[in-house]
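> Provided below are the primary sequence and the corresponding predicted coordinates.
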Amino acid sequence: MISLKTILITIVLFLTVNLKSQNLQINEVVSRNYNGLLSFENKTEDWIEIYNNSLDTINLQNYYLSDDDDNYQLWQFPYKKLAPDSFLVVFASGKNIVSPELHTSFKLTSEGESIYLSSNVLIDSISMPALNADNSFGRIAESSNQWSILDIPSPHFSNAESNFLSFSHESGFYDEEIYLEVNSLRPHHTIYYTTNGREPTTLDKIWSNDFLKNATLKNNNFCNVITTAEHPILEHKHVNPKVNINKTNVLKFASFSNQIKTSRTNSKTFFVGIDHYELPVLSIIIDSLSLFDEAYGIYTPGIHWDVSGPEWTGNYTKRGRAWEKEISISYFDKNRVLIFEQNAGVRIHGGKSRLQPQKSLRVYARKSYGNEDFTIPHFEGKKYDKFILKNIFSSWNNTMISDYFSLKSSENFNFEMQNQKPVILFLNGEYWGIHYLAERLDADFLSELYEFDSSDTINLLENATAQSGSNEEFLILMQFIEYHDLSDDVNYTQVESKIDIANFIDYHIVEMFFNNYDWPSNNLKIWNVNNGKWRYVLYDLDAAIFTKGDKLSYNMFNHMLTEEGDSWPNPPESNLIFRKLMNNESFKTDFVKRYIELISNDLSQAKLIGVLSELLPDINYHLHEHIDRWNYPISLSEWEMNLKERTINFINTRQCIVNNQMIEALDLKSTTYLCEELFVQLEFTIFPNPAKMYINVQFNNDLFVPSFFNYIITDTKGTIYQKGTKILIFSAKINIQNLVSGIYFFKINDDDNNHYTQKFIVE
């Protein structure tokens, strides 16, 4: 595959052409026609343009087109005359049609290939590179043998006014200021640009090559726009950042000639002097009015907010394609490598999370935007036509990790689940905080996961309502369960033939173990295909761990076994299947056995600590900047306290709590799970050692009780040089630039006033 990134697009491409005739030539080719010329069937087929560069009319009957270098006569023209100085478009559709228009018997590949025009000899040939959607590869003029990528194809017309912009620097991270040159294939065309996400017009500024510097010193702008309504019932208010947040240079370029746009819009993001992120970074460029306009901006309360319905009204509650806005999005992996940069669509995503100042976004790839999918590296390089950038609703102002931690701890269980990964988002050049890039759980996701031929056969239900397919079969099953005694093994066997019981058990254990209060009347998805067994999908555990009433010990067995639950979160119909299945001794035995197995292994204290220690540094390292942007959580120390009191205490106590609750709720005499108080001597390592600029403190116990610690750094005489408060037990990066060369001691006090010391050397 020939990559556009490897082409020196600042130099006009030359092609050596084998010409036996100067009269007929290939003039322009499009290999990814997404939004351009339509065939007679109203389809955007790829095409090849032929030009008669002579003074005579030419009969094409004895001419051929081919993309096979072993067979130049792959497709023959029919009887057709082409007048002098005239153009003819041939669609490369593979349909072999000669009326009412011409279609070859072969298709073009978007990865780049050679195309041949011949009669009894080879007349013309080109080597076409890989092209972006709706770009063409054409002669810079019909009389020229010089070829270039062209932004705007010109079928049936001269290529002379089609332009292409090239850049001295591509979107990316740069340590120091850069001198950005934008070159035009047509020097007489004028380049205009914008910096607010809007499409350039001839009313905007004309680009003149210039230096791009660190943009952070510019005044805060979009981050001061109010993004949630003011009402007593709404928990989180918009608060302007108190500091100058990080910013990047975002620009949109386009060329014009005689007031007509002659190039596509090129969107670029340049990070200058900002290189401290250890997570993937995404940059979204969008017309600011599409976000913040009172009438149609999707990120604000706007004219659609109504005080009589404060939680369910507002511009940000609007749904559907009509409220989808076009964006340019760039994805940089954690090594600062640009993975993709393309146009896409965006909507606000979620339920009540739309009320937060920081919204969740749903991003769409579509042909109409120029690309059918995204390639997401941390999802095994899979291709997706949509993904989500999630805020964290229920834990947004405390730990920010409930959903991420719960899902990560459950990724090897018997259910489909929503993978996600923390990323940093910049919106129109301004730091927009930590988001979680997540898969969109829909029929396409399941079809891709299991490599089904089509998603049309999938029934996917959300809270018993069909999201795709039909819920009729499931409602019949619900009716059977409601009116039949499942303690009868015959009835249970009937249900077992319709529900994947192993999946059902794993799914319900995880939801109950992690205390997901916003369930099962909400956040419940099930699916089947071809009348197969119903399976449950795990997603959205934002309300997990620290649940209603601030109770770590909330009893999810009572939650799921009551027939008198509230309309939300557990009305009788939502926990009906679980309640009825518990009447069957075989099911109950399997459920208890599996629950004990999981809290002894994958959901044990040791395993959960390991998961937390793996994912927490990504959040901890970037949290101070997120707090500066959103003022939630209120402070780093409050976040640490919430993490300790909520997540860590949950990890330390949950196994025994659920074991005892299960014994009581299911009327068991006992289980095989033993609850023992854990005490572990702390062990930690300091590296690098010797050190210069900083040290890492890594706790390396196989099993330990995590907490927060105060530390001091002293010299050999006991003089204190540095103090710190509440660092995480898992790992900590500590700046030691203030220390001169010598021997030092790193000392920790834990919650029980135990002391631990390690020696290190500063070079």
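Now that the structure is in, tell me what you want to look at.
> Could you give the bridge partners of Asn528?
Beta-bridge pairing for Asn528 (DSSP bridges): Asn459.
> Isn't it up against Asn459?
Yes: assessed by C-beta atoms under 8 Å, Asn528 is found in contact with Asn459 at 5.4 Å. In this view, the C-beta of every residue, glycine as well, is placed from N, C-alpha and C.
> Could you report the distance from Asn42 to Lys107?
Look at Asn42 and Lys107: by C-beta to C-beta, to the nearest Å, they are 18 Å apart.
> sorry, back to before: please identify every residue contacting each of Asn528 and Asn459.
Counting by C-beta atoms under 8 Å, 6 or more residues apart in numbering, the residues touching both Asn528 and Asn459 are Glu473.
> May I see the buried residues of stretch 748-763?
By 16 or more other C-beta atoms under 10 Å, the buried positions in stretch 748-763 come out as 748, 756, 758, 760, 762.
> Next up, the contacts around Ala691.
Ala691 neighbours (C-beta under 8 Å, 6+ apart): 736, 760-763.
> Which pLDDT value belongs to it?
With respect to pLDDT, Ala691 has a value of 92.
> out of Asn42 and Lys107, which sits in the more crowded spot?
Using other C-beta atoms under 10 Å as the criterion, Asn42 and Lys107 rank with Lys107 on top: 16 against 6.
> That one bridge partners, please.
Beta bridges link Lys107 to Ser93, judged by DSSP bridges.
> Surely it is in contact with Ala92?
Yes: if you go by C-beta under 8 Å, Lys107 and Ala92 touch, sitting 5.6 Å apart.
> and the contacts of Ala691 as TSV, adding pLDDT and distance to Arg321?
Formatted as TSV, the contacts of Ala691 follow (pLDDT from 0 to 100; distance: C-beta to C-beta, whole Å):
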residue	pLDDT	distance to Arg321
Ile736	90	55
Phe760	93	59
Ile761	94	62
Val762	94	60
Glu763	90	60
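> What ranges does the stretch 301-450 of the chain have for its helices?
For the stretch 301-450 of the chain, applying DSSP state H, counting those that start in this stretch gives helices covering 402-409, 443-450.
> so how far is the first one from its chain's centroid?
The reference is to helix 402-409. Here the centre of helix 402-409 is set off from its chain's centre by 17 Å, with C-alpha atoms, centre = their mean, to the nearest Å.
> Could you do the last one as well?
From the chain centre to the centre of helix 443-450 is a distance of 17 Å (C-alpha atoms, centre = their mean).
> Would you mark the buried spots in that helix?
Neighbour counts over helix 443-450 (16+ other C-beta under 10 Å) mark 443-448 as buried.
> Reformat the residues you listed as a markdown table; add distance to Phe211.
Shown next, in a markdown table, are the buried residues of helix 443-450 (distance: C-beta to C-beta, whole Å):
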| residue | distance to Phe211 |
| --- | --- |
| Ala443 | 49 |
| Asp444 | 44 |
| Phe445 | 45 |
| Leu446 | 50 |
| Ser447 | 49 |
| Glu448 | 45 |
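> Run through who's touching the helix or strand where Asp506 lies.
Per DSSP states H and E: Asp506 is located in helix 501-513. Applying C-beta under 8 Å, 6+ apart, the contact partners of helix 501-513 are 406, 410, 413-415, 519-520, 533, 535-538, 541, 556-557, 559-560, 577-578, 581, 587, 590-591, 594-595, 598-599, 603, 654, 658.
> can I assume Ile657 sits in a helix?
Yes: counting by DSSP: H, G, I helix; E, B strand; the rest coil, Ile657 is found in a helix.
> low-confidence ranges in the stretch 451-600 of the chain?
Confidence mapping of the stretch 451-600 of the chain against pLDDT under 70 gives the ranges 546-551.
> Please enumerate the helices of it.
Under DSSP H, counting those that start in this stretch, the stretch 451-600 of the chain gives helices at 472-482, 489-496, 501-513, 556-561, 576-581, 585-600.
> how long is stretch 305-319 from one end to the other?
Using C-alpha to C-alpha, to the nearest Å, the end-to-end distance of stretch 305-319 comes to 14 Å.
> Residues in contact with it: which ones?
By C-beta under 8 Å, 6+ apart, stretch 305-319 touches 227, 229, 231, 233-234, 294, 296-304, 347-348, 352, 354-355, 359.
> Work out the gap between that stretch and the centre of the chain.
Using C-alpha atoms, centre = their mean, the offset of stretch 305-319 from its chain centre is 26 Å.
> buried sites along that stretch?
305, 310, 313-318.
> again with stretch 597-611
Within stretch 597-611, the residues that qualify as buried by neighbour count (16+ other C-beta under 10 Å) are 598-599, 602-603, 605, 607-609, 611.
> now stretch 236-249
For stretch 236-249, a neighbour-count test (16+ other C-beta under 10 Å) marks 236, 238, 241, 245-249 as buried.
> can you check stretch 736-747 too?
Neighbour counts over stretch 736-747 (16+ other C-beta under 10 Å) mark 736, 739, 744, 746-747 as buried.
> Please enumerate residues in contact with it?
Contacting residues not belonging to stretch 736-747 are listed as 686, 691, 693-695, 697, 711-716, 721-722, 755-763 [C-beta under 8 Å, 6+ apart].
> Identify those among these that sit within strands.
Under the assignment DSSP state E, those contribute 686, 694-695, 697, 711-715, 721-722, 755-762 to strands.
> can you pull the contacts of Ile140?
Ile140 makes contacts with 12, 146-148, 159-160, 185, as judged by C-beta under 8 Å, 6+ apart.
> if we can go back for a sec, out of the contacts of helix 501-513, which end up buried?
Buried members of these, counted by 16+ other C-beta under 10 Å: 406, 410, 413-415, 519-520, 535-538, 541, 556-557, 559-560, 577-578, 581, 587, 590-591, 594-595, 598-599, 603, 654, 658.
> returning to what we had before: just the helices of the stretch 451-600 of the chain: most buried one?
Compared across the helices of the stretch 451-600 of the chain, helix 501-513 shows the largest average neighbour count, a mean of 22 (mean count of other C-beta atoms under 10 Å).
> Just want the angle from it to helix 402-409.
On the basis of axes from the mean of the first three to the mean of the last three C-alpha atoms, to 10 degrees, helix 501-513 is oriented at 140 degrees to helix 402-409.
> Dump helix 501-513 to CSV, restricted to CA.
Only the C-alpha atoms of helix 501-513 are listed here, as CSV (Å, rounded to 0.1, in the frame of the first residue of the first chain):
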residue,chain,number,x,y,z
ILE,A,501,-27.2,-19.2,32.3
ALA,A,502,-23.4,-19.0,32.7
ASN,A,503,-23.4,-15.6,31.1
PHE,A,504,-26.4,-14.6,33.3
ILE,A,505,-24.6,-15.6,36.5
ASP,A,506,-21.3,-13.9,35.7
TYR,A,507,-23.1,-10.7,34.6
HIS,A,508,-25.3,-10.5,37.7
ILE,A,509,-22.5,-11.3,40.1
VAL,A,510,-20.4,-8.4,38.7
GLU,A,511,-23.3,-5.9,38.7
MET,A,512,-24.1,-6.9,42.3
PHE,A,513,-20.6,-7.1,43.6
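> Compute the inter-axis angle for the helix holding Asp506 and helix 489-496.
In terms of direction (the same axes, to 10 degrees), helix 501-513 departs from helix 489-496 by 80 degrees.
> roughly how far out does helix 501-513 sit from the chain middle?
27 Å.
> what do you get for stretch 349-360?
Centroid separation between stretch 349-360 and its chain, computed with C-alpha atoms, centre = their mean, is 16 Å.
> Equivalent analysis for stretch 743-757, please.
On the basis of C-alpha atoms, centre = their mean, stretch 743-757 is displaced by 41 Å from the centre of the chain it belongs to.
> that older thread, out of the buried residues of stretch 736-747, who's nearest Cys675?
Closest approach to Cys675 among these (C-beta to C-beta): Lys747, at 33.2 Å.
> Secondary structure element holding the closest one?
Element membership of Lys747 [criterion: DSSP H and E] is strand 742-749.
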